[in-house]
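Colleague: Can you look at this prediction? I've put the sequence above it.
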Amino acid sequence: MFETVKYLIGSTGASGFGSKSTAEEVTNTCPDLRSITAIITGATSGIGAETARVLAKRRARLVLPARNLKAAEEAKARIVSEFPESEIIVMALDLSSLSSVRNFVSEFKLLNLPLNLLINNAGKFSHEHAISEDGIEMTFATNYLGHFLLTKLLLNTMIRTAKQTGVQGRIVNVSSSIHGWFSGNMIRYIGQISRSKSQYDATRAYALSKLANVLHTKELAQRLKQVDANVTVNCVHPGIVRTRLTREREGFITDLVFFLASKLLKTIPQAAATTCYVATHPGLVNLSGNYFADCNKASTSKLGSNSNEAAKLWAASEIMVSRQAKAVFDPLNALGYHDM
Ligand SMILES: NC(=O)c1ccc[n+]([C@@H]2O[C@H](COP(=O)([O-])OP(=O)(O)OC[C@H]3O[C@@H](n4cnc5c(N)ncnc54)[C@H](OP(=O)(O)O)[C@@H]3O)[C@@H](O)[C@H]2O)c1
């Protein structure tokens, strides 16, 4: 109750920011980002588009990978018209396809650019059951598995950049407080909904993908620490905001729900604030493996803080990205993920 009141009045937390802070406000005191190269996924609309706009305003060089190149060029044009000196590179990437992720990383590496910042923001809420070309349920494939592989393949570049420049690299995973809605056996559920639509529940699948973002952050932070990499990883809940995430359910009911919840909704500049804060704020140096909401450290669900679950998901993800689609779930059984 107290938390809801704090949220509604926008009271600030330890960071000096709160639910009503905007991305521009939280980056006001950040250093000039001219020497920073950032990849932001999902920057064609919503939270990602505002994140890109504000980081461009702070002079970062942006790489915007997108499956819809026309929308990405339009997003770029909007930013360039506001900040003509921005350096923005648009590239092709469909996160639901592991081969597209591999192609994007190969092309990015050919550019020989440094990489200081990776913002894993793209996401979807798939109302209808769908399977990716790799045989994985579509929401999980897009929101989590594509980003898992993208991060894995870009990590050496980030670690090298941090070593060469002395500037700590940062990875920001955009999750959601809805991650707490998932309970049960994650690997079993992803196995079930990747095999058939009978157990598919769109909200549960979305919550699972966002829980996976939280656990990915936890396990990766640990691994980065073990190899003494000067790169941090944190995840964020942006807040609830009306974007194209609900595009498959536009209509009267959705309008009504958003109307009734309007007091709880953020604006897009407010929803991009936590990502921008975690990506740039000088006060967060060396902070890794944390979950942020309203620009302040927050708590994850019990499952989201479980190291065993994080390690299990990591092991399963390594298998999922290393095998061809149809072979994916047999090796998972071999690892002990039975009854899927
Ligand atoms: N809106 C909320 O209330 C809310 C709350 C909590 C968390 N989030 C999270 O915030 C993030 C941003 O969402 P948003 O609300 O800004 O939604 P949005 O406006 O729908 O933006 C989603 C972005 O992801 C991209 N995307 C979707 N599927 C993709 C794929 N297969 N490959 C590459 N890009 C893909 C979309 O590109 P296209 O133009 O190609 O569709 C778009 O740029 C998501 O991770 C979401 O889960 C949102």
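Modeller: Thanks, I have the structure now.

Colleague: Ile79: how many residues sit nearby?
Modeller: 22 (other CB atoms under 10 Å). C-beta: built from backbone N, CA, C; applies to glycine.

Colleague: do the one 5 residues further on as well
Modeller: Counted with other CB under 10 Å, the neighbours of Pro84 add up to 7.

Colleague: What are the buried residues along the helix or strand hosting Lys109?
Modeller: Per DSSP states H and E, Lys109 falls inside helix 98-110. In terms of neighbour count (16 or more other CB atoms under 10 Å), helix 98-110 has its buried residues at 98, 100-101, 104-105, 108.

Colleague: before we move on, what about stretch 222-232?
Modeller: For stretch 222-232, using 16+ other CB under 10 Å, the buried residues are 222, 224, 229-232.

Colleague: and the two most separated of the buried residues of helix 98-110?
Modeller: The two members of these with the most space between them (CB to CB) are Leu98 and Phe108, at 15.6 Å.

Colleague: OK, contacts around Ala162?
Modeller: 116, 168-169, 229-231 (CB atoms under 8 Å, 6 or more residues apart in numbering).

Colleague: Please repeat the previous calculation with a cut-off of 6 Å.
Modeller: 168-169, 230-231 (CB atoms under 6 Å, 6 or more residues apart in numbering).

Colleague: Arrange those residues in CSV, one row each, with pLDDT and secondary structure as further columns.
Modeller: Shown next, in CSV, are the contacts of Ala162 (pLDDT from 0 to 100; DSSP: H, G, I helix; E, B strand; the rest coil):
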residue, pLDDT, secondary structure
Gln168, 98, coil
Gly169, 98, strand
Asn230, 98, coil
Val231, 98, strand
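
Colleague: Can you tell me which of those residues lies closest to Ile159?
Modeller: Distance to Ile159 across the contacts of Ala162 (CB to CB) is lowest for Val231, with 5.8 Å.

Colleague: which stretch of helix or strand covers Asn173?
Modeller: strand 169-174.

Colleague: about what we covered before: name the nearest of the contacts of Ala162 relative to Arg188.
Modeller: Nearest to Arg188 among those: Val231, at 32.0 Å, using CB to CB.

Colleague: That closest one reaches Val167, doesn't it?
Modeller: No - here Val231 lies out of contact with Val167, judged by CB atoms under 6 Å, at a distance of 10.3 Å.

Colleague: Spit out the contact partners of Thr217.
Modeller: Counting by CB under 6 Å, 6+ apart, Thr217 has contacts 173, 233, 235.

Colleague: on that earlier part again, and the strand holding Asn173, anywhere near the ligand?
Modeller: Yes - against the ligand, strand 169-174 shows contacts by CB under 6 Å from any ligand atom at Val174.

Colleague: Pretty sure Lys197 sits in a strand.
Modeller: No - counting by DSSP: H, G, I helix; E, B strand; the rest coil, Lys197 is not found in a strand; it is coil.

Colleague: Not counting its neighbours along the chain, what's nearest it?
Modeller: Excluding the flanking residues, the one nearest Lys197 by CB to CB, 6 or more residues apart in numbering is His129, at 3.7 Å.

Colleague: How about Gly13?
Modeller: Gly13 sits nearest to Asn296 (CB to CB, 6+ apart), 3.5 Å away.

Colleague: Could you give the bridge partners of the one you found?
Modeller: Applying DSSP bridges to Asn296 gives these bridge partners: Ala293.

Colleague: Return the residues in contact with it.
Modeller: Contact partners of Asn296, counting by CB under 6 Å, 6+ apart, are 13-15.

Colleague: now what about stretch 23-30, what contacts it?
Modeller: For stretch 23-30, contacts defined as CB under 6 Å, 6+ apart pick out 17, 50, 54, 58, 269, 272-273, 276-277, 280, 295.
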